[in-house]
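J.: model the structure of this input:
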Amino acid sequence: QVQLVESGGGLVQAGGSLRLSCAASGRTFSDYCMGWFRQAPGKEREFVAAINWSGRRKYYADSVKGRFTISRDNAKNTVYLQMNSLKPEDAAVYSCAAVRVLPSRDYDRSTSYDYWGQGTQVTVSS
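T.: The predicted structure is shown next:
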């Protein structure tokens, strides 16, 4: 089992920045690829970003490319999501997820991931 705990959410003005963290425990963190997803009220969960075990491969949703950066620190068992130039439409509950092998094609599907955190709320005021 892998336990995931997100933090760093909050209220920010449009154009501002936040850094989300996801701390993992329970298994060897570097064995797992990590993803960030978000879900706004009344909408389906959507992919935001993913990173492989080494950090060399990263994937982003088109809607966040150039604004968000995913990274990881295997020594700290933590994956991060740096969010810049936030927009009101970025407001959602952000959750991190883990999987042993990151599919090269389906990395953006929530069903590809085995473990999930509870999520952290991000609110963006206009």
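J.: quick one: neighbours of residue 47, just the number.
T.: By other Cβ atoms under 10 Å, 22 other residues sit near residue 47. Yep, even glycine has a C-beta here, placed from its N, CA and C like the rest.
J.: and it, bridged to which residues?
T.: Beta-bridge partners for residue 47, by DSSP bridges, are residue 37.
J.: so it versus residue 65, what's the distance?
T.: As judged by Cβ to Cβ, to the nearest Å, residue 47 and residue 65 stand 12 Å apart.
J.: same question for residue 106.
T.: Look at residue 106 and residue 65: by Cβ to Cβ, they are 19 Å apart.
J.: then residue 116?
T.: Distance from residue 116 to residue 65, by Cβ to Cβ: 24 Å.
J.: more neighbours: those two, which one.
T.: Neighbours per residue (other Cβ under 10 Å) separate residue 116 from residue 65, with residue 116 holding more: 17 against 11.
J.: residue contacts, the nearest residue to the more buried one once chain neighbours are set aside?
T.: In space, not counting the residues next to it along the chain, residue 116 is nearest to residue 97; the distance is 5.0 Å by Cβ to Cβ, 6 or more residues apart in numbering. Neighbouring residues of residue 97 by Cβ atoms under 8 Å, 6 or more residues apart in numbering: 4, 34-37, 110, 113-117.
J.: what about the strands in this structure?
T.: The residue ranges that make up the strands of the chain, judged by DSSP state E, are 3-7, 10-13, 18-25, 33-39, 46-51, 58-60, 68-73, 78-83, 92-99, 115-116, 120-125.
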